[in-house]
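[1] Sequence and computational prediction follow.
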Amino acid sequence: MKNTKITIADISNALGISTVSVSRALSGQGGVSEELRKKILEKANEMGYSRIKKDGRYNILVLHKKPYAKDNSNFSYMLQGIEKALQNADMDYSMEFVDKNALDNLSFPFKISKGANFDGAILIGSFNNEYADFINKKVKNLIFCRGYAPNRNYDCVFYNYNNAGYTQCQYLIKNGHKNIGFLGNKKLFRNREKLLGMSIALEDNNLPLIPEYIFDTEEDYQSKLEELIKSGRMPTGIICEYDFTAIELIKTLYKKNIKVPDDISVIGSGNTEISLLSIPALTTLDLNIEYTCEAAVSLLCRRIHNPKKPCESISVSCVLIERESVKNLNEETAI
């Protein structure tokens, strides 16, 4: 059967229930139990029913948390990118900020609490699974944009941090660096992935990952840095979790009369505005934000059209932006 031939009345007759109950279940409204709603949705899918919206437009809820303080500008671009992608897909949408209190107490966003229905939801950032499951009770089609974790059972579009770490490290190695460090919060999943990428790049080039060159921003890394400076055992290049982190490091090194890139090379992540304003201009990674947003909306559309499809995880690779904060040590060797 073709989807357009199946009606609410057909589903109602097949299940022996009222068309009102079927309509409420298919539109996400209240008035039907979860058990009955599940039964109706399963039968609708089995019969090939496709809900056609009267105005042809889906209504999407976009939820976001407070951004990381060191990643504000890219977070703004992410929200703009999602808006643009939804507009290009001719979708209606609402954006809402979810605060810590709402997360901790499992409170519904304002629009849902007021009875609004949505065809899908995009969660931007590191929402936990408990809150995602809570929202999923009201909005059946849900995806993550960023905030990937291996224990998620939802569609997700995320940055390929493993590849990012590999790319940054390989670039330093190509420029003659052998003693390479990392600066960031080691507990974060994305940074664990970056470190894995770094270690693979080093292993591919028969170079060691030196533990004392891994600096954790959640600890007193500056004291550790001070000790290495005094002992003359500094790495020749450091990869930073954010552009902001990289610029903070450059400032710290400058106060200790260590110049970038003459004495040490630094790579950031994010390609934010400040990476261009930095002195020297910061070599960094561009996150392909616009493409990531387009991929997220496209993935949500596939989920809406096929609610029972397997979960997909789409990783988007980053692009290295070469500027002035990395020194080519091969040129020194050649002299």
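    Cool, got the structure. Residues are numbered from 1 along each chain as shown.

[2] Low-confidence stretches in the stretch 51-200 of the chain?
    Confidence mapping of the stretch 51-200 of the chain against pLDDT under 70 gives the ranges 51-56, 68-72.

[3] Please enumerate the strands of it.
    59-64, 92-97, 120-124, 142-145, 155-159, 180-184 (DSSP state E, counting those that start in this stretch).

[4] Of all these, which one comes closest to residue 292?
    Proximity to residue 292, assessed across the strands of the stretch 51-200 of the chain by Cβ to Cβ, is greatest for strand 155-159 (5.8 Å). Using the backbone N, CA and C atoms, a C-beta is placed for each residue, glycine as well.

[5] what about residue 310, which SS state?
    coil (DSSP: H, G, I helix; E, B strand; the rest coil).

[6] That one: what's it in contact with?
    Shown in contact with residue 310 (Cβ atoms under 8 Å, 6 or more residues apart in numbering): no residues.

[7] Turn the strands of the stretch 51-200 of the chain into a markdown table, including distance to residue 10.
    Listed next are those as a markdown table, based on distance: least, Cβ to Cβ, whole Å:
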| stretch | distance to residue 10 |
| --- | --- |
| strand 59-64 | 25 |
| strand 92-97 | 28 |
| strand 120-124 | 25 |
| strand 142-145 | 28 |
| strand 155-159 | 29 |
| strand 180-184 | 56 |
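
[8] between the ones you listed, which gets nearest to residue 218?
    Evaluated over those, closeness to residue 218 peaks at strand 180-184, with 9.2 Å, by Cβ to Cβ.

[9] Do a quick rundown of the strands in the stretch 201-335 of the chain.
    So, for the stretch 201-335 of the chain - with DSSP E, counting those that start in this stretch - the strands run 214-216, 237-240, 265-267, 284-286, 313-316, 319-321.

[10] Spatially nearest residue to residue 192, not counting backbone neighbours?
    Leaving aside its sequence neighbours, residue 192 sits nearest to residue 186 (Cβ to Cβ, 6 or more residues apart in numbering; 7.0 Å).

[11] again, but for residue 221
    residue 215 (3.9 Å).

[12] neighbours around the one you found, how many?
    22 (other Cβ atoms under 10 Å).

[13] Over to residue 134?
    Neighbours of residue 134 under the rule other Cβ under 10 Å: 16.

[14] got it, and residue 24?
    Neighbour tally, residue 24, other Cβ under 10 Å: 17.

[15] Surely it touches residue 32?
    Yes - at 5.1 Å, residue 24 counts as touching residue 32 under the criterion of Cβ atoms under 8 Å.

[16] hmm, who's touching the host helix or strand of residue 10?
    Using DSSP states H and E, residue 10 falls within helix 8-15. Helix 8-15 is contacted by residues 18, 19, 21, 22, 23, 26, 39, 40, 43, 44, 47, 49 when judged by Cβ under 8 Å, 6+ apart.

[17] Beyond that helix, next helix or strand please.
    Next element after helix 8-15 (DSSP H and E): helix 19-27.

[18] Show the secondary-structure elements that that next one is packed against.
    Applying 3 or more Cβ pairs under 8 Å, 6 or more residues apart in numbering; DSSP states H and E, we find helix 19-27 packed against helix 8-15, helix 34-47.

[19] between that helix and helix 8-15, how many degrees?
    Angle of helix 19-27 versus helix 8-15, following axes from the mean of the first three to the mean of the last three Cα atoms, to 10 degrees, is 110 degrees.

[20] ok, back up a step: what pLDDT does the model give the residue nearest to residue 221?
    pLDDT recorded at residue 215 is 97.

[21] Pull up the gap between residue 158 and residue 190, please.
    8 Å (Cβ to Cβ, to the nearest Å).

[22] And for residue 276?
    23 Å.

[23] Alright, that wraps it up for me.
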